[in-house]
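Chemist: predicted coordinates and the sequence they were generated for:
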Amino acid sequence: MAARSKATGNGAARHKQARDPRAHWLLLALTLPVLFGALLFQGWTENEVDGSKTKQDCTRPVPAAAADAGPVLTVNGDGARSTSMPAGTVALTYDGGPDPYWTPRLLALLKKHHAHATFFLEGADAAQYPDLVRQIRAEGHEIGSHSYTGADLGNASGVRRALELRLTQGAFAGADGFRTKLLRMPMTTTVATLCGAEWSAAQRASGHGYLLVAADRSGRKPAQGLVRQFSLTSLAYRETQQLLADPGARRFTTISAGTGAAAPAMTEAGAPQRWAGTALIWFQQLGRSSVSALTWVLTIAAALGLIRLFTLVLFARAHVRRLERERPGAPRLRRITDPVTVLVPAYNEEAGIGTTLRSLLASTHQRLRIIVIDDGSSDRTVEIAEGYAERDPRVQVLCQPNTGKAAALNHGLAYTRSPYVVMVDADTVFEADAIERLIQPLAHPAVGAVSGNTKVGNRTRLLGRWQHLEYVFGFNLDRRMFEVLECMPTVPGAIGAFRIDALMGVGGLSEDTLAEDTDLTMALWRAGWRVVYEENAIAWTEVPTSLRQLWRQRYRWCYGTLQAMWKHRRAVREVGHAGRFGRRGLSYLLLFQVLLPLLAPVIDVFMLYSVLFTDSPVKSVVTWFGFLAVQIAVAAYALRLDGESRRPLWVLPFQLLVYRQLMYLVVLQSVVAFVTGSRLKWQRMHRSGTAAAAAQHIGGPHDRRSLTVTR
């Protein structure tokens, strides 16, 4: 006969859902593109990404009218108006930079000889070293453009060519508030090298007001007047010394001064141009700083990831060895045959409650009392549960208004009279010996709770297979390590056994967090109890079948875990079991379930940057596949430990590319919701009742060891 009771309380108000924060999604949508844009810009400016940095062979010479042109020229159609340096005048010109090593040395050398020169700077370097730009100008030298990245303007697209010149002017405006009309075409020397596509680019540049500067042929002497071209190298420094000592050179000056230009080559930039230039410099600095910081972050994250994988394997093996042999002198624990109460909280679970109750009633541990606590269901959950109660006196049904899972379990605890309690979800299907095996570790007087082994039943579709791998590879390997380290953070709500006096000692389940199972487990550690893992107590659960359901489930899990971690944060300063749990368990959760996932989207963006722009993209790809291979190997080991087929391993690479990203966003959403103080309600996913059929199809009970254990 079903026993029914009503419970009242203010739990509904406690779990009222506030509107989820949305501003952080806007922040993420703005931050990641800005970061990727900065990285993209940094990659474009500092790494060769196409053929535009390679000088192409000329297909046609310069026009005949320009063949004898001087080195300083304005191009007009096929003709050119040019000038040369007067006799005895040398215009020293330096391409590239500013360079933090050679530019100051050249400036010191020129200052020593009271000489001036023209520096054709690349915009990217000018934005990186604006102080050197200001120093060049302050010491009376002239500055021209060498494009932004030193790309071949003749073979660049029209968009890129315009961008190269415009960005360089922006860098100059941001660095020292000026614009220049001097331009040296990258990868050219004399006028004869302005051939083919370079001549067309020169025409366009002249049309925008640039004065083109080439170099004189190698046979020309300082006494005849000379424009000399250098790249910023040690050779440039030595040859400058030689020229400065040449008796035929009476004057060393800039291009403008040497040609007697009426208008200055450099003019002051307007305020809008200065602001835009400053923003350009900041943006490039952001990209450069991001590359530097993310290189360290990626290195540390990869190292921590590998350390975690190897540590999981080592501790899993230690856990297996611990169970395979008895320690010398360890007493054989008694086999528990005492009564056990099973609490089944349920909210609109008509699809699975019947299957769950049937699997519980078929348990090999016969001394069971099953209490179903209906949390205000609006479907046939109560009707189905009462049908079982009428047929089997071991089933009891309690009803209460919808106040949440923790309140439902506490309601059930008030009706518990047995020394041991098993808490299960209403969508879980138990193997026949699961409860009997689950409660055996409680024979040890120090053990207050036992975590069972939850397996995914509905794993036929891709999303189910991803979660199946996560349960086996992630959750269960973690639990083996946690038991060896004595810091198990969670006894899952799907299958967990507890000592009743341990539960009562911590005041039952708290309604302070949404992860009531994690909160309770942490409270037990702080109260001095041990929590262990029984991998042979197997229950099958139904996992979400849509991304929306998965998101809601994991959002609640992650959010509740953050609440529990914050609530029990003082455990890190405590001693004994509590301190061990706090320093090991909480630190692990903080590092691997909060901090690294928060950085993961940025790391992924940087990995894409590494493949696209670094000098060794193959190295980045090989590194990624190497890390994937290690993960597959560890996942295969985890599947073997759990007695599972290794066939699902083929979905692991796709899990890393798709599923993992969703989990990272869940962590981000949860952290923001936690920080902003938003509250969530106890959400349930839509059940189809497929876990039982799927479990039977997968393979039924496993071959497991004796019920007698030592711990």
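Modeler: Happy to help now that I have it.

Chemist: okay, which residue is most central for the protein?
Modeler: Compute the mean C-alpha point of the chain, and by C-alpha atoms, centre = their mean the closest residue is residue 600, 0.8 Å away.

Chemist: mind telling me what element that one is part of?
Modeler: Residue 600 belongs to helix 596-613 when assigned by DSSP states H and E.

Chemist: cool, and residue 161?
Modeler: For residue 161, the enclosing helix or strand under DSSP H and E is helix 158-176.

Chemist: all helices for the stretch 301-450 of the chain, in order.
Modeler: Shown for the stretch 301-450 of the chain, the helices assigned by DSSP state H, counting those that start in this stretch span residues 353-361, 381-391, 405-413, 434-439.

Chemist: out of those, the one nearest residue 256 is which?
Modeler: helix 405-413 (79.9 Å; C-beta to C-beta). Glycine gets a C-beta too; all of them are placed from N, C-alpha and C.

Chemist: will you turn the helices of the stretch 301-450 of the chain into a markdown table that also has mean pLDDT and distance to residue 225?
Modeler: Formatted as a markdown table, those follow (pLDDT from 0 to 100; distance: least, C-beta to C-beta, whole Å):
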| stretch | mean pLDDT | distance to residue 225 |
| --- | --- | --- |
| helix 353-361 | 93 | 97 |
| helix 381-391 | 94 | 99 |
| helix 405-413 | 93 | 90 |
| helix 434-439 | 94 | 96 |
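
Chemist: out of those, nearest to residue 306?
Modeler: Closest to residue 306 of these, according to C-beta to C-beta: helix 434-439, at 33.8 Å.

Chemist: who touches the closest one?
Modeler: Here helix 434-439 makes contact (C-beta atoms under 8 Å, 6 or more residues apart in numbering) with 336, 340, 342, 360, 363-365, 368, 420, 422, 450, 452, 495-497, 534, 536-539, 704, 707.

Chemist: list the contacts for the residue nearest to residue 574 when sequence neighbours are not counted?
Modeler: Once flanking residues are discounted, residue 574 sits nearest to residue 582: 6.1 Å by C-beta to C-beta, 6 or more residues apart in numbering. Residues counted as contacts of residue 582 (C-beta under 8 Å, 6+ apart) are 525, 526, 568, 569, 570, 571, 572, 573, 574.

Chemist: show me which of those residues is closest to residue 221.
Modeler: Nearest to residue 221 among these, with distances taken as C-beta to C-beta, is residue 572, at 78.2 Å.

Chemist: wait, residue 465 sits on residue 645?
Modeler: No. Using C-beta atoms under 8 Å, residue 465 is not in contact with residue 645, being 11.0 Å away.

Chemist: looking only at neighbour counts, state which of those two leads.
Modeler: The neighbour count for residue 465 versus residue 645, taken as other C-beta atoms under 10 Å, is higher for residue 465 (22 against 10).

Chemist: helix or strand with the lowest mean pLDDT in this structure?
Modeler: The helix or strand of the chain with the poorest confidence is helix 11-14; it has a mean of 38 (mean pLDDT, DSSP states H and E).

Chemist: angle of the longest strand along the chain against helix 353-361?
Modeler: Ordering each strand of the chain by length in residues (DSSP state E) puts strand 530-541 first. For strand 530-541 against helix 353-361, the angle by axes from the mean of the first three to the mean of the last three C-alpha atoms, to 10 degrees is 130 degrees.

Chemist: mind giving me the packing neighbours of the helix holding residue 161?
Modeler: helix 123-128, helix 130-138, strand 142-145, strand 178-180, helix 197-207, helix 271-324 (3 or more C-beta pairs under 8 Å, 6 or more residues apart in numbering; DSSP states H and E).

Chemist: neighbouring strands for the longest strand of the chain, and are they parallel or not?
Modeler: Sheet pairing of strand 530-541 (DSSP bridges) gives strand 429-430 (antiparallel), strand 447-456 (parallel).

Chemist: let's have the ones you listed in a markdown table, adding distance to residue 670.
Modeler: Below are those laid out as a markdown table (distance: least, C-beta to C-beta, whole Å):
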| stretch | distance to residue 670 |
| --- | --- |
| strand 429-430 | 29 |
| strand 447-456 | 21 |
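
Chemist: got a markdown table for the ones you listed, with mean neighbour count and mean pLDDT too?
Modeler: What follows is these, written out as a markdown table (neighbours: other C-beta atoms under 10 Å; pLDDT from 0 to 100):
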| stretch | mean neighbour count | mean pLDDT |
| --- | --- | --- |
| strand 429-430 | 26 | 93 |
| strand 447-456 | 26 | 94 |
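
Chemist: so for residue 619, which of those sits nearest?
Modeler: Residue 619 sits nearest to strand 447-456 of all the strands paired with strand 530-541, at 36.6 Å, using C-beta to C-beta.

Chemist: still on that earlier bit, of the strands paired with strand 530-541, which is nearest residue 119?
Modeler: Nearest of the strands paired with strand 530-541 (C-beta to C-beta): strand 447-456, 66.1 Å.

Chemist: next, count neighbours for residue 267.
Modeler: By other C-beta under 10 Å, 11 other residues sit near residue 267.

Chemist: doesn't residue 179 make contact with it?
Modeler: Yes. Residue 267 is in contact with residue 179 according to C-beta under 8 Å; the separation is 5.4 Å.

Chemist: if we can go back for a sec, inside helices: which ones of the contacts of residue 582?
Modeler: Among the contacts of residue 582, the ones falling in helices (DSSP state H) are 525, 526.

Chemist: of the contacts of residue 582, grab the buried ones for PyMOL.
Modeler: The PyMOL selection below is limited to those of the contacts of residue 582 classed as buried (16 or more other C-beta atoms under 10 Å):
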select buried, resi 525+526+568+571+572+574
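
Chemist: turn the contacts of residue 582 into TSV, including pLDDT.
Modeler: Shown next, in TSV, are the contacts of residue 582 (pLDDT from 0 to 100):
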residue	pLDDT
525	95
526	94
568	95
569	93
570	94
571	94
572	93
573	92
574	93
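
Chemist: for residue 439, see how far away residue 364 is.
Modeler: For residue 364, the distance to residue 439 (C-beta to C-beta, to the nearest Å) stands at 11 Å.

Chemist: ugh, wrong one, I meant residue 258
Modeler: As for residue 258, its distance to residue 439 is 96 Å (criterion: C-beta to C-beta).

Chemist: now do residue 663
Modeler: Going from residue 663 to residue 439 by C-beta to C-beta gives 33 Å.

Chemist: neighbour count winner among those two?
Modeler: Neighbour tally, residue 663 and residue 439, criterion other C-beta under 10 Å: the higher count belongs to residue 439, 26 against 20.

Chemist: that older thread, now the angle from the next helix or strand after the helix holding residue 600 to helix 271-324?
Modeler: Sequence-wise, the next helix or strand downstream of helix 596-613 (DSSP H and E) is helix 617-641. On the basis of the same axes, to 10 degrees, helix 617-641 is oriented at 30 degrees to helix 271-324.

Chemist: in the next helix-or-strand element following helix 617-641, what counts as buried?
Modeler: Where DSSP H and E defines the elements, the next helix or strand beyond helix 617-641 is helix 652-654. Residues residue 652 are the ones in helix 652-654 that count as buried (16+ other C-beta under 10 Å).

Chemist: contacts for helix 652-654?
Modeler: For helix 652-654, the surrounding residues in contact (C-beta under 8 Å, 6+ apart) are 462, 466, 469, 628, 631, 632, 635.

Chemist: cutoff 7 Å now
Modeler: 469, 628, 631, 632, 635 (C-beta atoms under 7 Å, 6 or more residues apart in numbering).

Chemist: what is the most widely separated pair among those?
Modeler: 469 and 628 (13.1 Å).

Chemist: which of the two has more neighbours?
Modeler: Neighbours were tallied for residue 469 and for residue 628 using other C-beta under 10 Å; the higher tally belongs to residue 469 (23 against 14).

Chemist: tell me the first helix or strand C-terminal of the helix or strand hosting that one.
Modeler: In the assignment (DSSP H and E), residue 469 maps to helix 462-469. Using DSSP H and E, the helix or strand that follows helix 462-469 towards the C-terminus is helix 477-485.

Chemist: no further queries at this time; thank you.
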